[in-house]
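A.B. asks: got a structure for you, letters missing:
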């Protein structure tokens, strides 16, 4: 069971492109982005370590069960609701960004509303399944797509037009101190562990998660490639021209002997499935948290893996917000909003880790 | 579960509406190349020319490269495209546009402004090849060489180095050009494509500053320029002395450069080229000669050619190799240091060091 933890972590690492992490980082490449990324590695790695260690006294329990045991009702319900909405927002940001990219690059004639409805329907049906089947789904998708992403990375690192001088230029700005925005945006890479809030229900005593130190190491690699490869391709100045900077980077690569010469199409297809997976996982976790806030009974594990109507209705109700943004927000406003959301998420994440750490201490003292 | 399945199938029906705006392949015209020229008319400065491919059932060299050339003058590129749409019966599709040609008169005015449309459009690929059409982009698009199997294919094959590979052909993609146009310390360039009868010749290159074309390099200069810019390139080294004349083809080539003694009165750019090659043509048997001497003679002559081009580019105050970027990459650079570099570049000295290693003289002595 324990390998499934890493699929979720890796998923969050490679999905950063759909949450506009590289765009925000590159905007601040001359003021503290590099230092901010290093700070994010420390903070993200530490958070992951603390969270997983603190969950150890609670085998087979998710956050809702832990909160039910230790927190009063008046604290538990708002906290779960807040966390659930934050999880929904993560999936929502990815959905909105990805539907825009799909419409722009694959079929400009399609109505974006129809596209979003379709994506919401697919993801909500998948997300309303059981946690176990979602973890299986994550395994399949990650295993199929890691080789393609690896190919993309190797191709881009050795590409003729990759300019290492530009990378060096930006890396010299490491001395500039980072701000909160850069750290919170960059730390998104490490945030995959937090989905254990619900998936921990399936991790029992014997599924002790080891090799936690590998998270910061892979994280450094992912963070630095996601930031430096676009700079190498578009130069230190030209890189800020592009809105979806990684899509344009993939478009700058040619594969003469590939299935399709334009790498962008391979890139879009890979990220189509990864985004669907990411949306599914986050919405599932969010819906489970919200469901538990309203339910009177404590969750018990059943052998059955079935579609849950309650989850589906919660997901549909909350995901409709993604359609509303279409009416009220243009691309620029949406970028601003998702930037603010990333900062809020970072603060909440640290808060949540603190709470879980405190509860973990309490539980191990009681024993 | 059954209801869920039924619902899911019903949602699939929604996709059908997506097809209403979709145009079938037989209702599309594929734009294979775009040419952009400047007109004399001040009110309508842009002349946009599109090369539209006409599909054929069977591919035959020289037969199936049929195309339609449509062009229109307008105040902006987008307006010209709109006007062209009134001239053709099918939907224009830019998904296969791989060649972007610019007229010589246009690039000597400005390239920044017209480039915006190409970058902003989602369907113009960033890997598209750029080139300067001499005398004009429109004339070049009308060329259809005899061996060509698909319209505009000969341009693509030569520029992509997929078909012919020559050290005279420069290649520039839209993405790289845009990068160089914006980058501090690396200037753009473009190949110059000329029309000879019904065929095309690509053996010149033009260098740009951040706004417009500065100069067109000669054929010989272009070859050296290509050796400076590209890393994996096949080329020849010509050596002529009063006694003998021989050519070396290069098998391995590696160029490195660094900036030295920037603070002193003689700031230097040191270029190190390592070459491994074999003799391909000679007027006299070379086997018995002292190979070290041969290597030395070639090194000297090649060094001379490099120096000439480097000082020429320096005198034009353009930096396509990227010495300025290397300067920025050497350490933390603020605005003041950058100003210093701009002063420094015109008086930089070049120190070219070339190491040629001859491995054989070909099949014969």
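C.D. replies: It's in. Everything quoted here is computed from the prediction, not taken from an experiment.

A.B. asks: Please count neighbours and contacts with C-alpha atoms only from this point.
C.D. replies: Will do.

A.B. asks: Tell me if I'm right that residue A:177 and residue A:35 touch.
C.D. replies: Yes. At 6.4 Å, residue A:177 and residue A:35 qualify as touching, with contact defined as CA atoms under 8 Å.

A.B. asks: Go ahead and measure how far whatever helix or strand residue A:218 lives in is from the middle of the chain.
C.D. replies: Using DSSP states H and E, the element containing residue A:218 is helix A:214-234. Between the centre of helix A:214-234 and the centre of its chain there are 15 Å (CA atoms, centre = their mean, to the nearest Å).

A.B. asks: mind listing what's buried in it?
C.D. replies: Within helix A:214-234, the residues scored as buried using 16 or more other CA atoms under 10 Å in any protein chain shown are A:215-216, A:219-220, A:222-223, A:225-234.

A.B. asks: Distance of the residue of the stretch 1-150 of chain A found nearest chain B relative to residue B:24?
C.D. replies: The minimum distance from the stretch 1-150 of chain A to chain B, using CA to the nearest CA, falls at residue A:110 (5.8 Å). Between residue A:110 and residue B:24 the computed distance is 15 Å (CA to CA, to the nearest Å).

A.B. asks: What's the first helix or strand after the worst-scoring helix or strand of chain A on mean pLDDT?
C.D. replies: In chain A, no helix or strand scores lower on mean pLDDT, DSSP states H and E than helix A:309-328, which sits at a mean of 86. Later in the chain than helix A:309-328, the nearest helix or strand by DSSP H and E is helix A:331-366.

A.B. asks: Report the mean per-residue pLDDT for the strand or helix carrying residue B:33.
C.D. replies: Using DSSP H and E, residue B:33 maps to strand B:28-38. The average pLDDT within strand B:28-38 is 91.

A.B. asks: residues in contact with the least confident helix or strand of chain A?
C.D. replies: A:88, A:92, A:95-96, A:113, A:116-117, A:120, A:124-125, A:127-128, A:283-284, A:287-288, A:290-291, A:334 (CA atoms under 8 Å, 6 or more residues apart in numbering or on different chains).

A.B. asks: Just the buried residues of stretch B:306-325, please?
C.D. replies: Within stretch B:306-325, the residues that count as buried by 16+ other CA under 10 Å are B:306-307, B:309-311, B:313-314, B:317-325.

A.B. asks: is chain A contacted by it?
C.D. replies: Yes. Stretch B:306-325 is in contact with chain A by CA under 8 Å from any CA of the partner chain, via residue B:325.

A.B. asks: From residue A:115, how far off is residue A:99?
C.D. replies: Taken as CA to CA, the span from residue A:99 to residue A:115 is 7 Å.

A.B. asks: what do you get for residue B:147?
C.D. replies: According to CA to CA, residue B:147 and residue A:115 sit 45 Å apart.

A.B. asks: Between these two, tell me which one has more neighbours.
C.D. replies: residue A:115 (18 against 14; other CA atoms under 10 Å in any protein chain shown).

A.B. asks: In three-state terms, how would that one be classified?
C.D. replies: helix (DSSP: H, G, I helix; E, B strand; the rest coil).

A.B. asks: Next up, the contacts around it.
C.D. replies: Residue A:115 neighbours (CA under 8 Å, 6+ apart): residue A:99.

A.B. asks: returning to what we had before: for residue A:177 and residue A:35, indicate the residue with more neighbours.
C.D. replies: Shown here are residue A:177 and residue A:35; by other CA under 10 Å, residue A:35 has more neighbours (21 against 12).

A.B. asks: got the contact list for the spatially closest residue to the more buried one that is not a sequence neighbour?
C.D. replies: For residue A:35, ignoring the flanking residues on the chain, the nearest one in space by CA to CA, 6 or more residues apart in numbering or on different chains is residue A:174 at 5.2 Å. Contacts for residue A:174 were tallied using CA under 8 Å, 6+ apart; they are A:32-35.

A.B. asks: one step back: quick one: which of residue A:110 and residue B:24 has more around it?
C.D. replies: Higher neighbour count among residue A:110 and residue B:24: residue A:110, with 19 against 9, using other CA under 10 Å.

A.B. asks: quick one: the helices in the stretch 101-250 of chain B?
C.D. replies: Assigned by DSSP state H, counting those that start in this stretch, the helices in the stretch 101-250 of chain B fall at B:104-107, B:112-120, B:137-141, B:153-159, B:174-182, B:219-229.

A.B. asks: For these, could you give me CSV that also reports mean pLDDT and distance to residue A:132?
C.D. replies: Shown next, in CSV, are the helices of the stretch 101-250 of chain B (pLDDT from 0 to 100; distance: least, CA to CA, whole Å):
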stretch, mean pLDDT, distance to residue A:132
helix B:104-107, 91, 61
helix B:112-120, 91, 44
helix B:137-141, 90, 59
helix B:153-159, 87, 51
helix B:174-182, 93, 44
helix B:219-229, 91, 54
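
A.B. asks: do you know which of those helices lies nearest residue B:84?
C.D. replies: helix B:137-141 (14.5 Å; CA to CA).

A.B. asks: Can you name the residue of chain B nearest to chain A?
C.D. replies: Distance from chain A to each residue of chain B (CA to the nearest CA) is smallest for residue B:329, at 4.2 Å.

A.B. asks: So which residues on chain A come close to chain B?
C.D. replies: A:104-105, A:109-111, A:114, A:118, A:161, A:165-170, A:172-173, A:233-239, A:248, A:251-254, A:262, A:307.

A.B. asks: how does it look with 7 Å?
C.D. replies: Counting by CA under 7 Å from any CA of the partner chain, chain A comes close to chain B at A:104-105, A:109-110, A:161, A:165-166, A:168-169, A:172-173, A:234-238, A:251-254.

A.B. asks: which ones among those residues are found in helices?
C.D. replies: If you go by DSSP state H, the residues of chain A next to chain B have A:104-105, A:165-166, A:168-169, A:234, A:251 in helices.
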